[in-house]
Every structure is written in structure tokens, then in C-alpha cells.
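Q: show me the folded form of this:
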Amino acid sequence: MSLETVTEAMKSKMALAAGLDAKVKLDFAEDGVIFVDATQNPPVLSHEDEEADCTLRCSLDTFKALMD
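A: Numbering: from 1, shown residues only. This next block holds a predicted model:
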């Protein structure tokens, strides 16, 4: 599981973030971060380590299991 694989999976689900009106960060430690700014329409996804309303810290494998 790579950050790129998770990023692509997240991109396919970005429509679900519309209306969330929050900034969410997925922190995978040394593997990187995925930042979702759902205060914009459409929501924007990046790998920037920005300040978020909610941060989830876990391994990429744990996050993949959550998504599945």
C-alpha cells in the first residue's frame, strides 16, 4: 500500500466530501499526509501538511482497511 494508491482511492470518493465544510488531514507518519479541504466546492485534495479541523493518524494499511 502506497500513499499514491490511497490518494487515488480518495480522489474517487471526493464527491462524498462535498458539504462537509471542514478540513481533514490523514497523517500516515513517515509515509506522508493527505489533506482534504472540504470547505471548498469541489473539495480539494493535496499532500500538504496543513492545519485541519480533524486529523486521523494511522498506518496506510489501517486506513486502507477502513476504506474497504
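Q: my read: Val24 touches Ser46, true?
A: No: checked against C-beta atoms under 8 Å, the pair Val24 and Ser46 is beyond contact range at 11.7 Å. All C-beta spots, glycine's among them, are computed from the backbone N, C-alpha and C.
Q: now do the shared contacts for those two.
A: Phe35 (C-beta atoms under 8 Å, 6 or more residues apart in numbering).
Q: the more surrounded of these two?
A: Taking other C-beta atoms under 10 Å, Val24 and Ser46 do not tie; Val24 has more neighbours (18 against 12).
Q: doesn't the more buried one fall inside a helix?
A: No: going by DSSP: H, G, I helix; E, B strand; the rest coil, the assignment for Val24 is strand, not a helix.
Q: for it, name its beta-bridge partners.
A: On the basis of DSSP bridges, Val24 is bridged to Val36, Cys54.
Q: give me the pLDDT for it.
A: We have a pLDDT of 95 for Val24.
Q: cool, Met14 as well?
A: 78.
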